[in-house]
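1. sequence unavailable; structure follows:
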């Protein structure tokens, strides 16, 4: 009875292989493609998507999954290789075959048109121009959820969330996000009203981009991104893309007057990249060799970006490197100046530019609006007013226009509903993991100050990377930290760091 | 009756699209791939090759070709869009379906093992280690030719040649190559015995690679390689790869003490690249949008590398650029010094390092040996002795060992029989084309000396590029130059340039 399982895995590896080819072409599109090749590239990617879809949804794969599920030896242990692979393959297969081709095509077409409308609407800050597209997209998302069907206590939004964060539920997220929002708003208010903001001149020094590039490459190498099994290139929007643990490609970006952004982007993507490089290579091309959820993926990027890259010990190590790389312009800054500049908190409009504390409020606002839209509690026409009110409540700022408000993110025009919360789930899990690592590696911060990051990376390898999707995100969290996911560790981390930085 | 033709072209475009995806992955493998990704990449490429082969050999394509061939409106004019496409599709289809899968698999397996054996044998300069693999490969090539079958007066080697140079025949090549070999041996002997070799110090100056890179990029741009529709990167072995006229990728290489090599490689690959960029874009993905033969492709690279890049007028333009880029180390060289240094002739062992005059002798030796092997006139065991004797006769040099003799090229281990002559066919056609261009653009050399290369590129566009494979190589030659391919123009070019350089 292992023969059908072997045949199933062979088919799955073939389908993954074509997906990994598409991944390389997509990476190339963002980093290397001359502009004359854009249209042809779209055709290449469409072809690969179609071949891949056909492979993933072939009736033979469905039959093989069913046959294997009938074999107790393969499924009795949910965390065995076969148990975990079959769990993931069943979910993915069902999600793909339950969607009628007509709906898939309509969503794809609407995405393309909606993105175009969104680009124009954002440029003019004119929500009305985007409104009909968002209405259409919400309707399509309702249909998508209905086609896939509700399992147990799922509501429509949960079905969409399931595509990114298997097993999670809106109500569960609300139980964490609602008090988290309150506590963050309080903390930020306290910092701004009663604290003394750190000087941020260091962030604004104009530093040559070629030297910034050398610098962030050295940091990526130091924290453990393996350049023999990956690359670092430039792209407008930083991302991580991997076709195999031996070929992981991250990108970063540079601004002459914002080296902290380049560093943060690089450490963030290197965190994603080290997760991909740490996947079990023998399971490449099968679910076991892949990330278990987007939230877990994000935890790896946020941990390196925030818990390491914004720590005092990191800047103690980094300070002489910065001095030797950039010379005169940074000569006057101490390690403490750099650490403090990396920890400025400022409520502002744009999510992707937000600091570590306010970031989660941006995410929670989106989560609340999405959920209300899918539940029918608000209409699309209400979005700008609701958005602006929530920014006033949560961040205490007046959104000046929709371009800097509800039109800022591309996600909704792409039909990425259920995606935003994974950013904050990543922050929560990162904090919980890091606290655990601090407990198990007592001299962790001393190691950072000496530029030793291997013990942490290896600890994360054992706690997270090497398991691929053997465990669900919830199981992984319990196994790695001994507790279910919650907000306490993140709050302890932010309060414990930011209050002293602000002199409180 | 146009409906089957449309369906045929749609299928062909799909098959080409997957091939172009493989092209990008192959380019990435040589330029970008981290070493940890090598094995996975081999699997990605094997999958694309298999999907592509299935598409190209689908019975439906065969049926559609047959149906279309039965429609006089489609085929009565051999140079109409449909006439030319059907001619090329028929040839390619027949060649692919006639080879049994078992033979294709055996050749692929043997290639892989033979290349491995060749690498080791070359490192040890031990032909005996490679001999059994070459015997096996010659036998497989005989079988390949027999499976494809002989058309008209074809012999086995012709069938292999047909894969690279449709319509050409060994006997036809012998009629040109035999006297060409004699004349070149005479010319080279005369230059070396009676002439004064030019100083080549300029070629040996150590110049920073970063500046060499800027320099060759400027030259590539000046001669017309369009960087909005292509890229230039580094690779160990320079090559040109294109997925579409809007996405053409060339590579080059640098040595600190050989800027002339970097320049030659870049102009050579840019010549290939401009052919690809000049293909009719509306026919992308169909034969009409592709090169008509390897020899014609090579003519475009050789023309820019040799007829332009080794001309006096080119160096008159280039001299101030070289001076401003490299400064002190080149300050003492005049334009004439540089021109003369680019035209040194030296019989030596290695083909890929050969000068413009001796290069063709390297090729003709290989052609003669391949033909004798396939005809059974010599045994594989005789190859080293025959090789060394031919080098003595043609180039007047004693081959010191097989690593610098018959083991130097990878081609035979890859089963690339019939490929070598296309290099010299390219040189012949380049010379004939260039002579014609000189006649039609009388101030061509004055233009070069002013850095104006557009008229030549546009002339080549009209003569060659824009036709894709509408005409066969022979037809293209007759149309563009008014004469069949011959050796006279190449000999006039070499004699006319090299005798004066050598003071004769």
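-> Arrived safely, thanks for sending. What you see is a predicted model; the values in this text were computed from it and never measured. Numbering: from 1, shown residues only, chains lettered A, B, ... in the order given.
2. confirm that residue A:250 sits in a helix.
-> No - counting by DSSP: H, G, I helix; E, B strand; the rest coil, residue A:250 is not part of a helix but strand.
3. so who does it touch?
-> Contact partners of residue A:250, counting by Cβ atoms under 8 Å, 6 or more residues apart in numbering or on different chains, are A:220, A:225, A:230-233, A:238-241, A:266, A:269-270, A:272-273. Using the backbone N, CA and C atoms, a C-beta is placed for each residue, glycine as well.
4. from those, pick the one nearest residue B:153.
-> Closest approach between the contacts of residue A:250 and residue B:153, by Cβ to Cβ: residue A:231, at 52.4 Å.
5. where does that closest one fall, secondary structure wise?
-> strand A:230-234 (DSSP states H and E).
6. give me the contacts around that strand.
-> A:31-32, A:213, A:216-217, A:220, A:225, A:242, A:247-254, A:266, A:270, A:273, A:276-277, B:32, B:34, B:36.
7. and the pLDDT at residue A:2?
-> For residue A:2, the pLDDT comes out at 56.
8. ditto for residue A:152
-> Reported pLDDT for residue A:152: 89.
9. next: the one 10 residues further on.
-> You'll see residue A:162 listed with a pLDDT of 96.
10. what's near enough to touch it?
-> A:91, A:95, A:148, A:154, A:168, A:418.
11. neighbour-wise, which of those residues leads?
-> residue A:418 (27 neighbours; other Cβ atoms under 10 Å in any protein chain shown).
12. need the contact list for whichever residue of the stretch 51-200 of chain A sits closest to chain B.
-> Of all residues in the stretch 51-200 of chain A, residue A:51 sits closest to chain B, at 6.9 Å by Cβ to the nearest Cβ. Residues counted as contacts of residue A:51 (Cβ under 8 Å, 6+ apart) are A:18, B:51.
13. does it count as helix, strand or coil?
-> Here residue A:51 is recorded as helix under three-state DSSP.
14. from residue A:96, how far out is it?
-> 14 Å (Cβ to Cβ, to the nearest Å).
15. same question for residue A:261.
-> To residue A:96, residue A:261 is 38 Å away according to Cβ to Cβ.
16. sorry, back to before: ok, the residue of the stretch 51-200 of chain A closest to chain B to residue B:17 distance?
-> In terms of Cβ to Cβ, residue A:51 sits 10 Å off from residue B:17.
17. mark which of the contacts of strand A:230-234 are buried, thanks.
-> Among those, those classed as buried by 16 or more other Cβ atoms under 10 Å in any protein chain shown are A:31-32, A:213, A:216, A:220, A:225, A:242, A:247-252, A:254, A:266, A:270, A:273, A:276-277, B:32, B:34, B:36.
18. looking at those residues, which are in helices?
-> Judged by DSSP state H, helices contain the following of the buried ones among the contacts of strand A:230-234: A:31, A:213, A:216, A:220, A:266, A:270, A:273, A:276-277.
19. out of those residues, what pair is the most spread apart?
-> Spanning the widest gap among those are A:213 and A:276, at 21.7 Å by Cβ to Cβ.
20. residue contacts, the one residue in the stretch 351-500 of chain A that gets nearest to chain B?
-> Taking Cβ to the nearest Cβ, chain B has its nearest neighbour within the stretch 351-500 of chain A at residue A:465, 15.2 Å off. Contact analysis of residue A:465 by Cβ under 8 Å, 6+ apart lists A:274-275, A:277-279, A:300.
21. if we go to 7 Å?
-> A:275, A:278-279 (Cβ atoms under 7 Å, 6 or more residues apart in numbering or on different chains).
22. adding distance to residue A:105, neighbour count and pLDDT as columns, could you present the residues you listed in JSON lines?
-> Formatted as JSON lines, the contacts of residue A:465 follow (distance: Cβ to Cβ, whole Å; neighbours: other Cβ atoms under 10 Å in any protein chain shown; pLDDT from 0 to 100):
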{"residue": "A:275", "distance to residue A:105": "33", "neighbour count": "27", "pLDDT": "98"}
{"residue": "A:278", "distance to residue A:105": "37", "neighbour count": "23", "pLDDT": "98"}
{"residue": "A:279", "distance to residue A:105": "33", "neighbour count": "23", "pLDDT": "97"}
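23. save those residues as TSV, and put in distance to residue A:63 too.
-> Below are these laid out as TSV (distance: Cβ to Cβ, whole Å):
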residue	distance to residue A:63
A:275	33
A:278	34
A:279	28
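24. just checking, what packs against the helix or strand hosting residue A:211?
-> Using DSSP H and E, residue A:211 sits in helix A:209-223. In this structure, helix A:209-223 makes packing contacts with helix A:259-277, helix A:312-326, judged by 3 or more Cβ pairs under 7 Å, 6 or more residues apart in numbering or on different chains; DSSP states H and E.
25. among those helices, which comes closest to chain B?
-> Comparing those by Cβ to the nearest Cβ, helix A:259-277 comes nearest, at 8.2 Å.
26. near chain B at all, that closest one?
-> No - residues of helix A:259-277 are not located near chain B by Cβ under 7 Å from any Cβ of the partner chain, the shortest gap being 8.2 Å.
27. how near is the residue nearest the centre of chain A to residue A:62?
-> Geometric centre of chain A, nearest residue: residue A:298, 3.9 Å, by Cα atoms, centre = their mean. With distances taken as Cβ to Cβ, residue A:298 is found 31 Å from residue A:62.
28. which stretches in the stretch 1-150 of chain A count as helices?
-> Applying DSSP state H, counting those that start in this stretch to the stretch 1-150 of chain A gives helices spanning A:2-31, A:38-56, A:59-69, A:72-75, A:81-98, A:101-124, A:127-148.
29. make JSON lines from those helices and add distance to residue A:337 to it.
-> Converted to JSON lines, the helices of the stretch 1-150 of chain A look like this (distance: least, Cβ to Cβ, whole Å):
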{"stretch": "helix A:2-31", "distance to residue A:337": "34"}
{"stretch": "helix A:38-56", "distance to residue A:337": "44"}
{"stretch": "helix A:59-69", "distance to residue A:337": "57"}
{"stretch": "helix A:72-75", "distance to residue A:337": "57"}
{"stretch": "helix A:81-98", "distance to residue A:337": "47"}
{"stretch": "helix A:101-124", "distance to residue A:337": "36"}
{"stretch": "helix A:127-148", "distance to residue A:337": "42"}
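30. can you tell me which of those is nearest to residue B:336?
-> helix A:2-31 (43.4 Å).
31. quick check: residue A:345 touching residue A:360?
-> No - under the criterion of Cβ atoms under 7 Å, residue A:345 makes no contact with residue A:360, lying 12.0 Å away.
32. not counting its neighbours along the chain, what's nearest residue A:287?
-> In this structure, residue A:287 finds its nearest non-sequential neighbour in residue A:88, 3.5 Å apart by Cβ to Cβ, 6 or more residues apart in numbering or on different chains.
33. can you check residue A:453 too?
-> Using Cβ to Cβ, 6+ apart, the closest residue to residue A:453 is residue A:223 (4.5 Å).
34. for that neighbour, the count of nearby residues, please.
-> Neighbours around residue A:223, by other Cβ under 10 Å: 22.
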